[in-house]
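Trainee: quick one: sequence plus predicted model below, questions after.
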Amino acid sequence: MKALVTGGAGFIGSHLVDHLVEAGFDVVVVDDLSMGAISNIKHWEDVTIYVADVCNDEFMQQLLADERPDYIYFLAAIASVADSIERPAETHAVNHTAVFNLLEYIRQIQLPIKQFLFTSSAAVYGNLPELPKREDSRVAPVSPYAIDKYATERFVLAYGELYDLPTVCVRFFNVYGPRQNPSSPYSGVLSILTDCLKYQRPFTLFGDGSQTRDFVYIQDVIQALWLITEKRVQHEVINIANGSETSLNGIIKMYQEIAGQSLEIKQAEQRGGEVAHSVASIGKLARLDYSTEWPLRKGLTKYWEGERADA
Ligand code: NAD
Ligand code: UD1
């Protein structure tokens with residue numbers, strides 16, 4: 001079996017690649033290394049890696065024709081809500097057009113794939129009051145990032161139904177763990193908090209810290225992705241989360257306890273396009289036999305221990 005992972009040198013992608021290699025897949029990665037790094041991939045010597053832009057249609061089409069993957073996991077993206085507000089046009093090209101064009105090419109050449117998995121986001125739910133978010137909850141995307149994720153998942157599902165392609169979409173909530181790149185001001189908050197604790201830097205808190213998120217550890221995300229692949233799930237949207245709601249203030253307090261250090265916190269204005277409250281219903285995932293193995297304190301402790309060992 002051969003799998004193509006776009007964004008496979010990034011945070012979630014590289015963990016997925018490790019798992020696929022260990023499960024015996026031949027793995028092909030396309031990543032432009034804008035946020036990822038080849039060193040993220042544990043078994044990089046066993047993986048075919050193309051350093052390329054997923055927006056390069058000619059390249060992507062040749063790649064599909066040459067490699068003919070059975071499974072395609074589309075993770076390449078501008079992954080930050082705040083970054084998408086700075087760069088809406090680039091975000092649209094990567095997060096929407098590149099996915100759509102690949103799907104259209106698969107349809108044209110009738111590539112016999114076993115699964116096409118698109119990685120959408122909890123951001124699509126926006127700020128409607130209903131919590132927890134179920135896959136059939138109403139959506140109200142409020143940022144270019146969220147709008148592109150939602151539009152793309154609709155195309156991915158419609159192509160699945162209309163052209164009989166085995167497509168599936170996942171909505172990740174807030175994933176954390178080793179290899180999340182903290183170097184950008186738009187990086188995931190737990191990677192930034194980790195850096196601040198590691199190097200005793202001040203942490204900038206946007207808003208009053210009452211915003212909530214459903215933080216899910218990377219190993220649980222890989223468990224979920226693998227279940228979706230093994231069970232050949234298609235024509236569905238599935239939340240991938242922990243199923244518990246934590247405020248930013250709550251996680252900052254917990255992380256300081258785990259690290260045995262206190263943080264200097266600088267207050268700043270709330271960012272635009274923010275979701276105030278987020279937590280998932282994970283009933284659909286549970287029906288695929290998913291169970292959370294990494295509650296927040298356990299996951300955060302593991303993450304911190306790994307980071308401290310690296311320092
Ligand atoms: P990441 O930034 O670590 O990974 C994305 C990878 O895509 C990076 O390695 C980057 O170099 C690559 N990339 C970006 N633009 C590219 C381009 N034009 N061509 C080729 N490669 C390109 O982010 P991540 O957290 O691993 O996110 C993976 C996917 O999951 C993304 O689609 C993201 O939107 C989605 N997602 C992530 C989270 C989260 O909490 N991390 C939550 C919801 C959805
Ligand atoms: C994150 C993901 C996004 C995903 C979404 C799903 C990243 C970079 N973003 O977006 O891909 O689709 O979850 O829910 O992985 N914050 C601070 N200080 C900082 C950084 C962030 O206070 O230095 C705050 C933010 O304003 C926000 C919260 O922390 O309220 C979480 O921010 P962030 O990690 O960027 O995540 P989301 O915007 O939820």
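Mentor: Happy to help now that I have it. This is a predicted model, so every value here is computed, not measured. Ligands and ions are numbered 1, 2, ... in the order given.
Trainee: so which residues on the stretch 151-300 of the chain come close to ligand 2?
Mentor: Contact residues, the stretch 151-300 of the chain versus ligand 2 (CB under 6 Å from any ligand atom): 173-174, 186-189, 192, 204-206, 211, 213, 248, 271, 274, 278. In this view, the C-beta of every residue, glycine as well, is placed from N, C-alpha and C.
Trainee: now, which of those lie within helices?
Mentor: Val189, Ile192, Leu248 (DSSP state H).
Trainee: gap between the last one and ligand 1?
Mentor: Distance of Leu248 to ligand 1, computed by CB to the nearest ligand atom, to the nearest Å: 14 Å.
Trainee: circling back to that earlier point, between the ones in helices among the residues of the stretch 151-300 of the chain next to ligand 2, which sits nearest Val99?
Mentor: For those, the closest approach to Val99 (CB to CB) belongs to Val189, at 25.6 Å.
Trainee: leaving out the residues flanking it, which one is nearest to the closest one?
Mentor: Excluding the flanking residues, the one nearest Val189 by CB to CB, 6 or more residues apart in numbering is Leu248, at 7.1 Å.
Trainee: next up, the contacts around the one you found.
Mentor: Val189, Leu205, Gly207, Gly209, Ser210, Gln211, Thr212, Arg213 (CB atoms under 8 Å, 6 or more residues apart in numbering).
Trainee: the same query, at a cut-off of 7 Å, please.
Mentor: Contacts for Leu248 were tallied using CB atoms under 7 Å, 6 or more residues apart in numbering; they are Leu205, Gly209, Gln211.
Trainee: give me the pLDDT for the last one.
Mentor: In other words, Gln211. For Gln211, the model assigns a pLDDT of 98.
Trainee: cool, and the first one?
Mentor: According to the predicted model, the pLDDT of Leu205 comes to 98.
Trainee: what's across from it in the sheet?
Mentor: Residues in a beta bridge with Leu205, per DSSP bridges, are Gln267.
Trainee: show me what contacts it?
Mentor: In this structure, Leu205 makes contact with Leu248, Ile265, Lys266, Gln267, Ala268, judged by CB under 7 Å, 6+ apart.
Trainee: isn't Val29 right up against Val47?
Mentor: Yes: under the criterion of CB atoms under 7 Å, Val29 makes contact with Val47 at 5.7 Å.
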